[in-house]
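1. I'd like to go over a predicted model; first the sequence, then the structure.
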Amino acid sequence: MSDNQGPAAEPGAGSRKRGQRKAHNQSKGQNKNKAVVLGALSATLLLAAGAGMVSAASILPSPSGSKTLDMTLADVPAGRTAAVCPAPPRLAEGTSAGTDSQFSPVSRSAKSFLDAVVLSDAGGSVPGSNLASLGGSAIADIAKPPAAAPAPASGPPVLNAGVVAQRPAGDVTVVGADPISGQKAAVAGLMSYTASDGDLRGLAAAPCQQPVNDAWLLGANTALGRTAVLNISNASGTPATVNLELFGAHGQIQAPDSRGLLVSPGATRSINLAGLAPNEGQLSVHLRSSGGPVAATIQQSVLRGLTAGGVEVITPGAGAADSQVMTGVDVQDPAAVKSLADKPGFADVVPALQITVPGPVDAVVDVRLYGPNGQRALPGGGAVTAKAGSVTEVPLTGVPAGMYTVSATSDVSFAASSRVTRGLKAEDPVDFAWSPAAVRLGSQHVMAVPQGGTRFLSFGVPTGRATVSYTPVTSDGKVHKAQTVDIAGGTTAVIGVPDKSDGAAVSGYIVSAAGDAAYGALVLGQGDQPGVSVLTIQDGAAGHEKVQVTLGY
């Protein structure tokens, strides 16, 4: 036996050690599995608790700090209606009268009148209404307020009207009416001016406007011999801060004095546009007011040497949109117009459409003319590219003489107005007017009509078919039987306004339309004189209004 051999191993000792290690490892595995199971159970309990919390949150009410109530409709009380009538045209301050009556800039034959119509409710009660100065001082009553609140009308409506006929006008006037039967009163008025001598010779008329905070006025001209004065009137009790955007034939005009113009309550601010944009033959004004709403007009006049070239009071038209319609566009003999326009200084006697694109993208505009006998094609097809940020003029020549509706459409928003001219001899005075873009006729529009001269209603329907009813209102306040005209799409209907209805002078109309889109205007003339003026039919009175109100805290 060798001395290096160790002691003999105990029988079974290795097996016991391996068994102990196996048991130890099994115990560790069981503990690990227990930890996994416990972790899974914990996660399950947490998820269950979270679900319970979500369920509780969906059941329990929200904290009061984030409470939101359902949106409701709230009644808006009808307010008093105020329509601002512009002052008659007058010479700019500093113009001398002169000594020779033949060359005097001051007209000795000028006459200015105010006409107004205030419509009753369906029961025949005329709301309390009056004429007042811009500052609010009463001038004359149109109708006294009803002694008691009118009872709801039953049966067919019985309409009456309060009427002002041919009242001499000398300054800005406000036609005001109280609400009646929970509705705003339907009010219309106009100022008309005529003169057969002086620098402001011609015919000018303008509807009384409901004040707004945004308005487009197209057709101004500050070139040689042209005078354009912007008049901004504030009939509210709140100061108005006015900003002007000016657009010319070559782009937008940056004028430092065109922003931040303060118009005090009850005041009119007059701005000679030549001081902001001199020598602009095509000038458009986009007016925006913060604070009080305003009424704005441009007194535009032309003088070619010593010969009067016409006068007009330009009023706002429809806002910028991708479709504009103007009616009452009366075109003279095209050959005679071309002969006159070829003479120096007479380029603006051509009837024309002016397009203003306020945005950054050019507008491709499709222009169409519709007369009583259907569409008349313009030379060149009527497709025009109007440059962005500028004014583009499109001559309305090459069509037979007559009354037209002008329709313009594009895929880019634009503003538009059409020029109408009168007079065909260079040695005689001529006149002009602007037919601004009109609003679509609806269920009830009230319009006033002046006395004397020639008067026509022009209704245009670009597409489809429409029925237009027009009801005369006479100076004695009576509303007469309605008449209707069915107008095919692509045509213009022209209706003469009679001097009288049942023995009383016609002082206004109630106009309604049904069917496809229809547009209307009143076209005035001076008979044997070259005077002309076009007044688009204004928006109807707003009905009972509601606004959406969301409450939360």
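-> Done, it's in.

2. who touches Ile355 in this structure?
-> Applying Cβ atoms under 8 Å, 6 or more residues apart in numbering to Ile355 gives the contacts Ala363, Val365, Val384, Ala386, Val391, Thr392, Glu393, Val394, Ala408, Phe414, Ala415, Ala416. C-beta coordinates here come from the backbone N, C-alpha and C atoms, glycine included.

3. in the sheet, who's paired with the second one?
-> The bridge-partner assignment for Val365, based on DSSP bridges, gives Val384.

4. For the closest residue to Val439 other than its chain neighbours, give me its contacts.
-> Nearest residue to Val439 in three dimensions, chain neighbours excluded: Asp539, at 5.3 Å (Cβ to Cβ, 6 or more residues apart in numbering). Shown in contact with Asp539 (Cβ under 8 Å, 6+ apart): Gln210, Val439, His445.

5. and the first one, how many neighbours?
-> For Gln210, the tally of surrounding residues (other Cβ atoms under 10 Å) stands at 18.

6. Test my guess that it contacts Cys85.
-> No. The criterion here is Cβ atoms under 8 Å, and Gln210 misses it with Cys85 at 11.3 Å.

7. Next one: the residue most central in space within the chain from Thr536, what distance?
-> Centroid-nearest residue in the chain: Ala318, 3.8 Å away (criterion: Cα atoms, centre = their mean). Using Cβ to Cβ, to the nearest Å, we find Ala318 at a distance of 9 Å from Thr536.

8. Same question for Asp342.
-> 31 Å.

9. okay, the two: which has more neighbours?
-> A direct count of neighbours by other Cβ under 10 Å for Asp342 and Thr536 places Thr536 higher, at 26 against 10.

10. And the pLDDT for that one?
-> On pLDDT, Thr536 comes in at 97.

11. likewise Val367?
-> For Val367, the predicted pLDDT is 98.

12. these two touch, right, it and Thr385?
-> No. Between Val367 and Thr385 there is no contact under Cβ under 8 Å: 11.4 Å.

13. neighbour count winner among the two?
-> Between Val367 and Thr385, counted using other Cβ under 10 Å, Val367 has the larger neighbour count: 22 against 12.

14. Confirm that one sits in a strand?
-> Yes. Assessed with DSSP: H, G, I helix; E, B strand; the rest coil, Val367 lies in a strand.

15. any weak-confidence spans in the stretch 1-150 of the chain?
-> Residues of the stretch 1-150 of the chain meeting the criterion pLDDT under 70: 1-76, 93-104, 150.

16. so Thr238 touches Val294, yeah?
-> No. At 10.4 Å, Thr238 and Val294 do not qualify as touching, with contact defined as Cβ under 8 Å.

17. ok, the two, which is more surrounded?
-> More neighbours surround Val294 than the other of Thr238 and Val294, with 26 against 11 (other Cβ under 10 Å).

18. Bridge partners for that one, pull those for me.
-> With DSSP bridges applied, Val294 shows beta-bridge pairing to Val212.

19. Likewise for Ser501?
-> When bridges are called by DSSP bridges, Ser501 pairs up with Ala504.

20. Measure how buried it is and give me the count.
-> When neighbours are counted by other Cβ under 10 Å, Ser501 comes out with 18.

21. Output stretch 393-408 as CSV, restricted to C-alpha atoms.
-> Taking C-alpha atoms only, stretch 393-408 is exported to CSV below (Å, rounded to 0.1, in the frame of the first residue of the first chain):
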residue,chain,number,x,y,z
GLU,A,393,-60.4,97.1,-65.6
VAL,A,394,-62.3,95.2,-68.2
PRO,A,395,-64.1,97.3,-71.0
LEU,A,396,-67.7,96.2,-71.5
THR,A,397,-67.6,97.2,-75.2
GLY,A,398,-68.7,95.5,-78.4
VAL,A,399,-72.2,94.6,-77.2
PRO,A,400,-75.4,96.3,-78.4
ALA,A,401,-76.9,99.1,-76.4
GLY,A,402,-79.2,98.0,-73.6
MET,A,403,-79.5,97.1,-69.9
TYR,A,404,-77.3,94.3,-68.7
THR,A,405,-76.4,92.1,-65.8
VAL,A,406,-72.7,91.5,-65.4
SER,A,407,-71.6,88.1,-63.8
ALA,A,408,-68.0,87.5,-62.8
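
22. OK, contacts around Ala228?
-> Shown in contact with Ala228 (Cβ under 8 Å, 6+ apart): Ala220, Asn221, Thr222, Asn272, Leu273, Ala274, Leu283, Ile298, Gln299, Gln300.

23. Test my guess that Ile537 contacts Ser435.
-> No. The criterion here is Cβ under 8 Å, and Ile537 misses it with Ser435 at 11.3 Å.

24. shared neighbours, those two?
-> Residues within reach of Ile537 and of Ser435 at once, by Cβ under 8 Å, 6+ apart, are Ala521.

25. Could you pull up the residues touching Trp536?
-> Rather than Trp, residue 536 is Thr. Residues near Thr536 by Cβ under 8 Å, 6+ apart: 207, 317, 326-328, 435-439, 519-521.

26. switch the cut-off to 10 Å
-> Neighbouring residues of Thr536 by Cβ atoms under 10 Å, 6 or more residues apart in numbering: 207, 315-318, 325-328, 417, 434-439, 447, 458, 519-522.

27. ditto for Pro86
-> Applying Cβ under 10 Å, 6+ apart to Pro86 gives the contacts 169, 171-173, 190-191, 193, 204-209, 231, 233, 268, 295-299, 313, 315.

28. mind redoing it with 7 Å?
-> Val172, Met191, Ala206, Asn231, Thr297, Val313 (Cβ atoms under 7 Å, 6 or more residues apart in numbering).

29. Who wins on neighbours among the residues you listed?
-> Of the contacts of Pro86, with other Cβ under 10 Å as the count, Thr297 tops at 29 neighbours.

30. In a strand, that residue, correct?
-> Yes. Assessed by three-state DSSP, Thr297 belongs to a strand.

31. pLDDT below threshold where in the protein?
-> Low-confidence segments of the chain (pLDDT under 70): 1-76, 93-104, 150-155, 541-553.

32. can you rerun that using 80?
-> The model of the chain has pLDDT under 80 over residues 1-78, 92-106, 148-156, 541-553.

33. quick one: Gly124 and Gly225, what's the gap?
-> Counting by Cβ to Cβ, the gap from Gly124 to Gly225 is 52 Å.

34. where along the stretch 251-400 of the chain do the helices fall?
-> Ranges of helices in the stretch 251-400 of the chain, per DSSP state H, counting those that start in this stretch, are 334-341.

35. still on that earlier bit, give the intersection of the neighbour lists for Ala318 and Thr536.
-> Shared contacts of Ala318 and Thr536 (Cβ under 7 Å, 6+ apart): Ala438.

36. before we move on, the earlier item: okay, and which of the contacts of Ile355 map to strands?
-> Residues of those located in strands (DSSP state E): Ala363, Val365, Val384, Ala386, Val391, Thr392, Glu393, Val394, Ala408, Phe414, Ala415, Ala416.

37. Include distance to Trp216 when you put those residues into a markdown table, please.
-> Shown next, in a markdown table, are those (distance: Cβ to Cβ, whole Å):
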| residue | distance to Trp216 |
| --- | --- |
| Ala363 | 15 |
| Val365 | 16 |
| Val384 | 19 |
| Ala386 | 15 |
| Val391 | 12 |
| Thr392 | 15 |
| Glu393 | 16 |
| Val394 | 17 |
| Ala408 | 14 |
| Phe414 | 10 |
| Ala415 | 4 |
| Ala416 | 9 |
